[in-house]
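# got a structure for you, letters missing:
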């Protein structure tokens, strides 16, 4: 792993060519993924097949020769382990048959059993067995806030009004739930590391739902707590942590805390401005707008090279998208982006 460009960047070492991987790099935009996905009516059933997950994680590595692989799984495995009745059906997104709807539901929660997620850890082991020995594997979880938002709302939503009402009516109970989720995330990530992951990314996918003050109260303090737990444990203390905050209502430099190795920037963030403030302190990952990938090859090339030029003197730069790749992207367009990075 010493020669991994990705791990070098996380340790603030320079690379002549920036490492690249991208969020949702294994997924619906790939025809080889679709060939496997059509065999499962419920996405979660597929996620519970470790050998299949390993095969899916390898698809973009085989196709593009990326510099890091990411575990093929879903951020909602932890709520599923709390028996909230999670399912994913084609075209519907996540749905919970037993969401958190009252304060009493939090008090009645089953204890978290990390062994209920054994299929994830087997997927880590299977993926590591197939990956080239010098290619790192990224493990991940949703932030406690993001997991809570889904668990209360009971599905994906544009406005998360049920979650916002719960936050207003039951702040103490919500914070109790966030404490429970923080500990569950720690145990989950710790076991991923024991199974073989080389870095961790925390996805705060619903940071944009929160006001500046609520972002601190309901999200950041629990993400910090999770990071502190990881850094205090001998199993996980040396594993680099990447944080992705989706369009937060605070400046990125105000979100940073001890224990992080890298900030992964949403596409709306100004990478040049942020790089001046974080240079020599934190790695930066990002942040091409995924929608650029539906445009002409010339525009993809120029926008990609623009980011590379801005970050060319930044030790610790990892090229990535500023959000997950979408199903409508053509694989050849991704290849144009990668060629532009490596040109």
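It's in. Small disclaimer: the values here were computed from a predicted structure and weren't measured.
# What's the local residue count around residue 129?
Residue 129 has 10 neighbours, counted by other C-beta atoms under 10 Å. Bear in mind the C-beta positions are built from the backbone N, C-alpha and C, glycine included.
# Quick check: which element contains residue 307?
Per DSSP states H and E: residue 307 is located in helix 297-310.
# who does that helix touch, helix- and strand-wise?
Packing contacts for helix 297-310, counted by 3 or more C-beta pairs under 8 Å, 6 or more residues apart in numbering; DSSP states H and E, involve helix 271-278, strand 283-288, strand 317-321, helix 331-342.
# Look up the residues forming beta bridges with residue 288.
residue 321 (DSSP bridges).
# need the contact list for it.
267, 303, 304, 307, 319, 320, 321, 322, 337 (C-beta atoms under 8 Å, 6 or more residues apart in numbering).
# of the residues you listed, closest to residue 45?
Within these, proximity to residue 45 (C-beta to C-beta) peaks at residue 321, which comes in at 27.4 Å.
# Helix or strand: which one has the residue of the chain most remote from its centre?
Distance to the chain centre peaks in the chain at residue 104, reaching 30.2 Å (criterion: C-alpha atoms, centre = their mean). Residue 104 belongs to helix 103-107 when assigned by DSSP H and E.
# Would you mark the buried spots in that helix?
Residues 103, 105, 106 are the ones in helix 103-107 that count as buried (16 or more other C-beta atoms under 10 Å).
# The last one is in contact with residue 176, isn't it?
Spelled out, that is residue 106. Yes. Residue 106 lies in contact with residue 176 (C-beta atoms under 8 Å); the separation is 6.0 Å.
# Could you give the average pLDDT over stretch 213-228?
Taken as a whole, stretch 213-228 has an average pLDDT of 97.
# I'd like the numbering to begin with 386 instead of 1 from here.
Yep, numbering from 386; the last one is stretch 598-613 now.
# Give me the contact list for that stretch.
Identification of contacts with stretch 598-613 by C-beta under 8 Å, 6+ apart yields 528-530, 533, 552, 559-560, 563-564, 566-567, 570-571, 574, 587, 589, 592, 595, 626, 628, 633-635, 640, 642-645.
# so how far does that stretch reach from one end to the other?
With C-alpha to C-alpha, to the nearest Å as the measure, stretch 598-613 spans 21 Å from end to end.
# How about stretch 552-560?
Stretch 552-560 has an end-to-end distance of 9 Å (C-alpha to C-alpha).
# wait, what's in contact with residue 616?
For residue 616, the contacting residues are 622, 643, 644, by C-beta under 8 Å, 6+ apart.
# which of those residues has the most neighbours?
The contacts of residue 616, ranked by neighbours (other C-beta under 10 Å): first place residue 644, 18 neighbours.
# element containing the closest residue to that residue other than its chain neighbours, please.
Leaving aside its chain neighbours, residue 644 sits nearest to residue 612 (4.0 Å; criterion: C-beta to C-beta, 6 or more residues apart in numbering). Assigned by DSSP H and E, residue 612 falls within helix 606-617.
# Just checking: what are the partner strands of the helix or strand just after that helix?
Next along the chain after helix 606-617, taking DSSP H and E as the criterion, comes strand 626-630. Partners of strand 626-630 in the sheet, by DSSP bridges, are strand 584-589 (parallel), strand 647-649 (parallel).
# could I get those as TSV with mean pLDDT and mean neighbour count?
Shown next, in TSV, are the strands paired with strand 626-630 (pLDDT from 0 to 100; neighbours: other C-beta atoms under 10 Å):
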stretch	mean pLDDT	mean neighbour count
strand 584-589	98	23
strand 647-649	98	25
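# Mind putting these into a markdown table with distance to residue 607?
Shown next, in a markdown table, are those (distance: least, C-beta to C-beta, whole Å):
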| stretch | distance to residue 607 |
| --- | --- |
| strand 584-589 | 10 |
| strand 647-649 | 18 |
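# Compare the ones you listed and give me the one nearest residue 388.
strand 584-589 (15.3 Å).
# hmm, back to that, check the offset of the helix holding residue 612 from the chain's centre.
16 Å (C-alpha atoms, centre = their mean, to the nearest Å).
# Next, the angle from it to strand 584-589.
170 degrees (axes from the mean of the first three to the mean of the last three C-alpha atoms, to 10 degrees).
# Okay, buried residues for helix 606-617 please.
Quick answer for helix 606-617 (16+ other C-beta under 10 Å): 606, 607, 608, 609, 610, 611, 612, 614, 615.
# which one of these sits closest to residue 399?
Residue 399 lies nearest to residue 612 out of these, by C-beta to C-beta, at 25.5 Å.
# Against residue 645, how distant is that closest one?
Distance, residue 612 to residue 645, by C-beta to C-beta, to the nearest Å: 7 Å.
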